[in-house]
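Visitor: Sequence plus the predicted model coming up.
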Amino acid sequence: MKIKKIMALKVLVVLALALGFTGCSKKGSTKGGSTATGWKINDKKGGFQFNDKFKQQETPPGMISIEGGTFTMGKVQDDVMHDWNNSPSQQHVQSFFMDETEVTNKMYSEYLFWVKTVFPPTEENYKHIYNGAIPDTLVWRNRLGYNETMTNNYLRHPAYADYPVVGVNWIQAVEFSKWRTDRVNENILEREGYLKKDNKIKLGSDVTAENSFSTETYINTPSKTFGGNEEVVLKKEMGKGRRQAADTAKNVYAQRSSGLILPEYRLPTEAEWEYAATALVGNREYNIYKGQKKYPWSGQYTRSSKRQYRGDQLANFKQGKGDYGGIAGWSDDGADITNKVKSYAPNDFGLYDMAGNVAEWVQDVYRPMVDDEANDFNYFRGNVYTKNKIGEDGVVELVTSDNIKYDTLSNGRIMARNFPGQIAQVPVDENETYLRTQFSTSDNRNYRDGDRQSTRFYKFGGSEEGNADEKRMYESPKHSITADSLGKMNKKFDTSDKRTTLVDDNVRVYKGGSWRDRAYWLDPASRRFFPQDMATDYIGFRCAMSKVGPKSNKKTPRGNPKK
C-alpha cells in the first residue's frame, strides 16, 4: 500500500513538472508574432507590416552625425559689445545630423535647375516660383566699391562652385531645405524599388509641376503621388523586391514604419548650431566653464599652434581695418571674400567653417533673451504648428497649379510658399489645443512676450478693437506692401518716430562670424539678427536633420551591461 502511494506521488510530480516545463516553454513565445497579441507580423497574406530588421537611421548625403548632450549656451566671457543677449544657460540638445559644410553655389544651382525645369517661368502660373528662388546677387554692390565681378559671376561661375552661397534670405533657405527633403527621399525610394528607376531625372517630361514627388504626400496618400501615375509609384510584393499585381497587392507602399523615409531637412536651431560649433566632444576638460573655449577650436587664439601650420589663421575673417586677407604673398587666411569650403580644418565634430567664411541662418526667431526658464531641452523659439487640410470627402487636399500660395515680401519680392503636389496646410485649431498643457495656439513665435519685466513701455489690456500696437510687445516698424489688380506695387514705409526696436516675429537669428567680421564674432555664442526676407553677402546657411532612435549608435550604450 505504501509502495503504491509513493508510485502515485512520483507520477503526479512527473506530470506537474511536465506541465510546468510545457507552460514555461510556451510562455512569451511569439516566434515572429506580436508580443502584444501573438498575431503574426509581416505575414505575406496580409496583416500588420513593420520593419523589424531596422538597425539605424542612415546618414543623409553630405551630413555628419552629432551626438547630443548638455552644454553651456551663451557667452562665458565678458560681453565687450554690451549686447547682453547671450547670458549663459545650461541646455540639452538631442542627437542630430548637420551638413559638413555650408550649402555651396553648386548645391543651390542644382535646386534652381530643378525649379526652373519643373516650374517653367514662361508659364503664367509659375512665373514667380523660379524668380523667388534666385539669390539676390546685388548684395555684392557697394556705393563706393567695385564688386561687379562678384555680382555677375559669384553664383554661376565654376570658379565659385564650391564657395558658400550668399544672397539667400531665411525664407529661401527654408524652401531649399524642403526641396532637399523630397529629392533625397525620392532617391531612396527609387533605390529600394518603390519608385520607377531613373524617373527622377526625366524633368520636364515625366516629372512636371502636377506630378512631382512630395514626401508628405507619399506618406499620407501614396496613390496620389506623381499625379497618381501607377507606372511610377510601384507596388511591391510583401517581403520581396519585385512588383505585384495591383489587384492582389496589400500594404505595398513604403511608410514611416518601413524605416526608409528620412526626417525632413531643415535649418538647425540656434541651440543645435551653437552646440555643434562649440564641439566639446573633443575637449573634456570643461574648458568652456573656465572661459577657454571661445572658438570652435581649442585655445584663445585664431592662429594654429601646430608645428606644420604654425601661425596660419584657422578661419576666414576680417583681420583689421582694410585687411580682409593679409599682404600679397603673405596671406593670413587665404581669402579676401568667401573661400572654398573645407579650406580650413574642421572642428572636433568634423564640421567645417563653423567660424568665419559666412555667418549662417538658424531657425530661431530673435529675442534678446533665451528663455531657459520656459524650456531647457531642444530649445527653439519659432514653432508655428500646422496640420494637413482635409477635404469634405475626408481625404487630404493637394496644392494644384491654381491655388499656389504666394507671399509678397516687404522688399517687393514675390515668393511661392507651397507647390503643386504638396498637401495644403492650415493652422491647428481648438481640436488640437483644447485642454493641452504644452501649447495652446498655432503660432508660438511670441510666446511669453509681454510680461512686466520685459519692458516698461509695453501697454497692457489693449482691446481687440483698439490700436494694434497695444497688443505688440516690440515697437518694430510696420512697413506694408500691396499689389493692385494690375500688379502695381503700393509700398508704404513706416516713418514713425515711436519705434524703439527692429525686433518682431519676422527677424531671425544668424550665428558665427563671416569674412566681413572681426574675430569677436567667431565665438559660437555670439548672436545677431536680420529680417527673414532680406539677404546679405555674408550670410549663408547649412541644413540639419533630427536623428531618430538612440542618442548614440554604439552597440553597448554607457551604463548597459554587455549581454
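Guide: Structure received. Numbering: from 1, shown residues only.
Visitor: can you tell me which strand in the protein is longest?
Guide: strand 359-365 (DSSP state E).
Visitor: With just CA atoms, put that strand into PDB.
Guide: Only the C-alpha atoms of strand 359-365 are listed here, as PDB (Å, rounded to 0.1, in the frame of the first residue of the first chain):
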ATOM      1  CA  ALA A 359      27.700  83.600 -41.000                       C
ATOM      2  CA  GLU A 360      24.700  81.200 -41.100                       C
ATOM      3  CA  TRP A 361      20.900  81.400 -40.700                       C
ATOM      4  CA  VAL A 362      19.300  79.300 -37.900                       C
ATOM      5  CA  GLN A 363      15.600  78.600 -37.400                       C
ATOM      6  CA  ASP A 364      15.000  80.800 -34.400                       C
ATOM      7  CA  VAL A 365      13.100  84.000 -34.100                       C
END
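Visitor: which parts of it are buried?
Guide: Going by neighbour count (16 or more other C-beta atoms under 10 Å), the buried part of strand 359-365 is Ala359, Glu360, Trp361, Val362, Gln363, Asp364, Val365. C-beta coordinates here come from the backbone N, C-alpha and C atoms, glycine included.
Visitor: OK, contacts around the last one?
Guide: The neighbours of Val365, taking C-beta atoms under 8 Å, 6 or more residues apart in numbering as the test, are Arg381, Gly382, Arg445, Asp505, Asn506, Val507, Arg508, Val509.
Visitor: Recalculate using a threshold of 7 Å.
Guide: Arg381, Gly382, Arg445, Asp505, Val507, Arg508 (C-beta atoms under 7 Å, 6 or more residues apart in numbering).
Visitor: Can you point out the buried residues in stretch 401-415?
Guide: So stretch 401-415, judged by 16+ other C-beta under 10 Å, has buried residues Ser401, Ile404, Thr408, Leu409, Ser410, Arg413, Ile414, Met415.
Visitor: which two of the residues you listed lie the greatest distance from each other?
Guide: Greatest spacing in those, by C-beta to C-beta: Ser401 and Ser410 (26.7 Å).
Visitor: before we move on, the earlier item: most neighbours, which of the contacts of Val365?
Guide: If you count neighbours using other C-beta atoms under 10 Å, the busiest of these is Arg508, which has 27 neighbours.
Visitor: And that one, how far from Val168?
Guide: 12 Å (C-beta to C-beta, to the nearest Å).
Visitor: Report pLDDT for the nearest residue to Asn187 once chain neighbours are set aside.
Guide: Nearest non-adjacent residue to Asn187, counting by C-beta to C-beta, 6 or more residues apart in numbering: Lys200, 6.6 Å away. pLDDT, Lys200: 74.
Visitor: any idea whether Lys200 is helix, strand or coil?
Guide: Put simply, Lys200 is helix when judged by DSSP: H, G, I helix; E, B strand; the rest coil.
Visitor: just Ile481 next, same as before
Guide: Three-state assignment for Ile481 (three-state DSSP): strand.
Visitor: Let me see the ranges of the helices in the stretch 101-250 of the chain.
Guide: With DSSP state H, counting those that start in this stretch as the criterion, the stretch 101-250 of the chain has helices at 105-118, 127-133, 148-153, 170-191, 215-220.
Visitor: Using JSON lines, lay out the buried residues of strand 359-365 together with pLDDT and distance to Gly320.
Guide: Output for those, formatted as JSON lines (pLDDT from 0 to 100; distance: C-beta to C-beta, whole Å):
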{"residue": "Ala359", "pLDDT": "98", "distance to Gly320": "19"}
{"residue": "Glu360", "pLDDT": "98", "distance to Gly320": "23"}
{"residue": "Trp361", "pLDDT": "98", "distance to Gly320": "27"}
{"residue": "Val362", "pLDDT": "98", "distance to Gly320": "28"}
{"residue": "Gln363", "pLDDT": "98", "distance to Gly320": "33"}
{"residue": "Asp364", "pLDDT": "97", "distance to Gly320": "31"}
{"residue": "Val365", "pLDDT": "96", "distance to Gly320": "34"}
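Visitor: and which of those is nearest to Glu102?
Guide: For the buried residues of strand 359-365, the nearest to Glu102 is Glu360 (6.6 Å; C-beta to C-beta).
Visitor: dump the residue contacts of the closest one.
Guide: Neighbours of Glu360 in contact, by C-beta under 7 Å, 6+ apart: Glu102, Trp273, Tyr510, Lys511, Gly512, Ile539, Gly540, Phe541, Arg542.
Visitor: Quick one: which of these has the lowest pLDDT value?
Guide: Where pLDDT dips furthest among the contacts of Glu360: Gly512, at 93.
Visitor: Would you mind measuring from that residue to Asp333?
Guide: Gly512 is 15 Å from Asp333, by C-beta to C-beta.
Visitor: The two: which is more packed in?
Guide: Taking neighbours as other C-beta under 10 Å, Gly512 and Asp333 compare with Gly512 leading, 30 against 24.
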